[in-house]
Every structure is written in structure tokens, then in C-alpha cells.
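S.K.: Model the structure of this input:
(one chain, ligands or ions: 1)
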Amino acid sequence: MQEYILRLCKEVERHRLWEKESRLLVAVSGGVDSMALLGLIQQLPREWQPQFAVVHVHHHLREESDDEFRMIKDYCRNQGIAFFAEHWSEEKHPKSNLEMAAREFRYAFFADMMQKWPATHLVTAHHADDQLETILMRLVRGSTLKGISGIAFSRAFGRGQLVRPLLSFQKDDLYRICGMAGIPYLEDSTNSELTFSRNRYRNSIIPLLQLENQQASRHFGDFSEDLQDVLKVVQPIVADSFRSLFTRDDADWVLDLVGWQACDISLQRLVLSYFVTEQLIPAGYDFRRSQLTAVMDLAKNQSPQKQISLVGGWQARKRYDKLIFLSPDSARTAFSAFSEELELNKWVTLPYHGRIGLFHSDNAFSKELPKNALSVVIKDETAYMPITVRSRRSGDKIVLNKDQPFTKKVSRLFVDKKIPDEERRKACIVTDGEGRILWVPGYAQSVWLSENDNEQTCYRLIYIK
Ligand SMILES: Nc1ncnc2c1ncn2[C@@H]1O[C@H](COP(=O)(O)OP(=O)(O)OP(=O)(O)O)[C@@H](O)[C@H]1O
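M.R.: This is a model prediction of the structure:
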């Protein structure tokens, strides 16, 4: 046992996992891995042992969950260890993606407890065999370089760090630890069934690799550490390029395609991969390599306007010399069926951005236009009340040019001006009481408007973006 305790101390020191003053929340499922982890932490020498407590989630997914819950609770009570548990009741279980939902629930509870207890570190019992499985699965399924680098010893989580001190321990070590120290544990019954893909790897593929070489899991661990070292050095360089090429627009991101295309092809790929893994995908979401390839293809596509859907409801849209990554919210928020009559001297807030109003020429706003305002004048004999502001409709037409009036489709207007699709959707249309289009703020004004005041002036339309 002493040998294992020393090994844990070494790992904590080598990877700077925690300090004596840290406060650890140990995530215990009741299986051999996390019970061995708890046992080792309990037996750490005083100068190495921070304060610690146990967190457990009762998933109510299997009959044995009750036994696990009770076993950990009793163990902690007998050993004088603080124990915090949460129940994931059956009503909260979704119909699909159960494994993913259980994980999300678990980590949300852990983050919450880190805040409440409070803790500096969450400690999980991921070990060398988990590492091998994870790397292999990600390689086979397709993942980014960061994904293929596997599980990290430490990463930011909640208000502190998530640490995995057992990554160099093999499963057999953990059985031995529990055996030697008389620590109870319960086998997870799903481990022996081939229901989830991880278990298929665990039971069929990995034993073959280990037959080939018993040190396979150690070698995967070395590979993971080497690759993580490389990424640590390269990442800041890539991050610099990322910052110069990407700009943020609320929740959306915009890539300058001209600058990006001027980069070396390897840097192009690395910058996109960095963006996707570090910024786009919420922590823990597994982004597939195939999506990265799709984004690359989109960026290089000949057509000036094209779009694709990405994981998690994100959308990538190519718009001339920009690649816009729309957040799930923006992608959903379509400026659809909006229509509102303008009341004299009052602003109407537009659904996408900006406001618009109809003001009498005597009104203070008309006399002193707000900054960034666009404004046009309606001559009272030309337009009929009420004036309405609405979103675009197909078939919208506007009559342009005072001297030689001609009718133009609003859609054609946008194509001629090379206005990207999202901007077109955000554009609003101002009509008069007869439904004639008076103004498309920012883009065109009809023959019935003028820009300058004169004696006939009665009303001014003002739009602020
Ligand atoms: N119900 C649970 N309650 C508390 N801790 C848990 C629970 N289930 C898992 N853990 C902790 O998480 C560790 C890893 O568990 P598991 O292999 O199921 O992967 P995971 O939590 O889904 O994480 P990942 O997907 O990152 O591999 C366990 O060793 C244990 O420390």
C-alpha cells in the first residue's frame, strides 16, 4: 500500500495537482476506481493531505444505485468524512442521450458543491485504462488534435480545477489497493454489458491491444503527455493568430477570410481547430474532425454565400470575405413576421437591432438628429398614413429615382449591393398607408421621400442602428 501512496504523492508533485492548503471534493461513484482514490487520499501523509469531502450522484438508473449510495454514505460516516449527495430522479431522465445527460447533471452538481462547500479542486478517478479507451475511441471516431491528446491531469473546472491523479494507475493497481486496504466497492453492472460504445472498447478491443503489449496503456499515457506538451507550446502561437483573425460580435464570431487565406495552410487549419475547440464548443462537447473539414471546405468554397450547420445549433455562414459563426441563439432568432404601425413622435424598437420613429418636423429629434441616425423626409402630399415598419417579404418592390421613376425588387437591390443574407434579414421596410414601400433604411429610399427639409416638409423618419 505504501508504494501506491508514494506514487500518488509523486504524481501530485509532478503535475502540481494540489497543495496542502487546497480543499478537495472527491467524486466517488462506488466503483473500485473512485473507492481506491478515496482510500489513497485518506492515507496520504499529513504533510500531503489537504482537507477533503466526498460528492456522489445517485442516478436512479440501475437497481444497484441504491446499494452504491448506501455503501458510500456508510463508509464516509464510519470514517468521519463529509459526504454530499444529489439524486437524479427518474422524472428528470430524458428519453434519449441518457449517458450524456447523466454526465451533465453530475458535473453541474459537482460545480455547485465546489461553490457551496467550498472546494478548490474536484478529484476524479480516471485511470490509465480510461485514458487508453478515450484516445482510441476519439482516434477511431475522428476528433481534433486536442481531443486525441486524451484526458488531462488537470483542467479548469467550476471555481477551481478538475484533477485526475490516477491517470498513470492501471485498473489492476486499483483492485490491489482496495484489496490491501480492505476498502469496499461495488462493480458497475453496465461494465460487463456491451450496451455503450465505451464498454465495447473495454471488453473487446482493449484486451486485444493488451495481449499485444501489456504496457499498451502506459504507452498511450506517454503519448498523451507528449502531445499535451506540444499543444501547450504551440497553442499560444495559434491563439495569437486567432486573435488577429477573429472578431466577436455579441455571441457570434466573424473570421476575416482574406487574412486567413494569406496564412500557411497548416496555420489555417490550426486556427480553425483552435477556434472550434476553445471557443465554439461548450466545455466537454466533443467536436468531430469531419465538422472541421466542412468548415475548411466552406471557407475555400467558390460561391460567395453559403452556409452549413454545426454541432450544438451553431451555424457557419460564408458571406463574401467573411466567415460568420452564428451562435445557436442568433441562428434561431430570425427576424421573421414583424410589423408595427408608427405613432407620431414615438420610437419603435426593432426586433434585431436599432429603433425607428416618425417625428413631426417641430419635434426635438427632428431638429437635432441623434448621433448615427439615418433620416428621410416625407412630404405631406406624397404619402398616406399610417406609416408601418415591418420585416421583408418576398416580392417587395420599391420605386426609385425621382426624375425617371423605375421599380426595383428589394431582393435585387441587396444582390446588387452584395449585402450578406443575415443583413438582408435584419433589414426593415417602411411602408405607407397604401402599402407602398417608402424606405429601406440604410439601403434605399423611394421617390416619395427627400433628404432635405423644405416648406412642404411635415414628417421625418429617423432610424438608429
Ligand atoms: N455517480 C457518480 N458520483 C460521483 N462521482 C462519479 C459518479 N460517476 C462517476 N464519477 C466520477 O467520475 C469518474 C469517471 O467516471 P466515468 O468513467 O463514468 O466518466 P465520466 O464522469 O463520464 O467522465 P468522462 O466522460 O470525462 O470520462 C469516476 O472515477 C468518479 O470519480
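S.K.: And for the spatially closest residue to residue 9 that is not a sequence neighbour, the neighbour number?
M.R.: In this structure, residue 9 finds its nearest non-sequential neighbour in residue 48, 5.4 Å apart by CB to CB, 6 or more residues apart in numbering. C-beta: built from backbone N, CA, C; applies to glycine. By other CB atoms under 10 Å, the residues close to residue 48 number 17.
S.K.: Any chance of the backbone angles for residue 48?
M.R.: Per-residue torsions, residue 48: phi -110, psi -10 (degrees, to the nearest 10).
S.K.: same question, residue 308
M.R.: Phi and psi for residue 308, reported as degrees, to the nearest 10, are phi -140, psi 160.
S.K.: circling back to that earlier point, mind pulling the model confidence for the residue nearest to residue 9?
M.R.: On the pLDDT scale, residue 48 is placed at 82.
S.K.: quick one: residue 372 and residue 464 touch, right?
M.R.: Yes - between residue 372 and residue 464 there is a contact under CB atoms under 8 Å: 5.9 Å.
S.K.: Same drill for those two, tell me which one is more crowded.
M.R.: The residue with more neighbours, out of residue 372 and residue 464, is residue 464; 19 against 9, by other CB under 10 Å.
S.K.: Spit out the contact partners of the more buried one.
M.R.: The contact partners of residue 464, taken as CB atoms under 8 Å, 6 or more residues apart in numbering, are 354, 355, 356, 370, 372, 373, 374.
S.K.: In PyMOL, select just the buried ones from those residues.
M.R.: Buried residues among the contacts of residue 464 (16 or more other CB atoms under 10 Å), as a PyMOL selection:
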select buried, resi 354+355+356+373+374
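S.K.: Out of the contacts of residue 464, which sit inside strands?
M.R.: If you go by DSSP state E, the contacts of residue 464 have 355, 356, 373, 374 in strands.
S.K.: Tabulate those residues (a markdown table), appending pLDDT.
M.R.: Compiled in a markdown table, the ones in strands among the contacts of residue 464 are given as follows (pLDDT from 0 to 100):
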| residue | pLDDT |
| --- | --- |
| 355 | 83 |
| 356 | 90 |
| 373 | 89 |
| 374 | 90 |
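S.K.: ok so residue 271 is a helix residue?
M.R.: Yes - counting by DSSP: H, G, I helix; E, B strand; the rest coil, residue 271 is part of a helix.
S.K.: how much space is there between residue 409 and residue 86?
M.R.: Remark: distance between residue 409 and residue 86 (CB to CB, to the nearest Å) = 59 Å.
S.K.: So which bits of this protein are right by the ligand?
M.R.: 27-29, 33-34, 55-57, 59, 103, 106, 124-126, 130 (CB under 6 Å from any ligand atom).
S.K.: 8 Å instead, please
M.R.: 26-31, 33-34, 37, 55-59, 68, 99, 102-103, 106-107, 110, 123-127, 130, 134, 151, 198, 284 (CB under 8 Å from any ligand atom).
S.K.: Any of the residues you listed buried? List them.
M.R.: Buried among those (16+ other CB under 10 Å): 26-31, 33-34, 37, 55-59, 68, 102, 106-107, 110, 123-127, 130, 134, 151.
S.K.: and those residues, which of them are in helices?
M.R.: 33, 34, 37, 68, 102, 106, 107, 110, 130, 134 (DSSP state H).
S.K.: Which member of the residues you listed is positioned nearest residue 227?
M.R.: If you rank these by distance to residue 227 using CB to CB, residue 134 comes first, at 12.6 Å.
S.K.: Quick check: the residue of the stretch 151-300 of the chain nearest the ligand.
M.R.: In the stretch 151-300 of the chain, the residue that lies nearest the ligand is residue 151 (6.8 Å; CB to the nearest ligand atom).
S.K.: can you pull the contacts of that residue?
M.R.: Per CB under 8 Å, 6+ apart, neighbours of residue 151: 126, 130, 131, 134, 164, 167, 224.
S.K.: Need phi/psi at it.
M.R.: Dihedral angles (degrees, to the nearest 10) for residue 151: phi -80, psi 130.
S.K.: before we move on, back to that, out of the ones in strands among the contacts of residue 464, what pair is the most spread apart?
M.R.: The distance between the two most remote of these (CB to CB) is 11.5 Å, for 355 and 374.
S.K.: shared neighbours of those two, which are they?
M.R.: In contact with both residue 355 and residue 374: 463, 464, using CB under 8 Å, 6+ apart.
S.K.: ok, residue 77 - how many residues close by?
M.R.: The number of residues packed near residue 77 is 10, by other CB under 10 Å.
S.K.: Kindly report the same for residue 290.
M.R.: 10.
S.K.: so how far is the ligand from residue 349?
M.R.: Note on residue 349: its distance to the ligand, by CB to the nearest ligand atom, to the nearest Å, is 44 Å.
S.K.: Next, the contact list for that residue, please.
M.R.: residue 355.
S.K.: What's opposite it in the beta bridge?
M.R.: Under DSSP bridges, the beta-bridge partners of residue 349 are residue 355.
S.K.: Show the pLDDT at it.
M.R.: 73.
S.K.: separation between it and residue 342?
M.R.: 12 Å.
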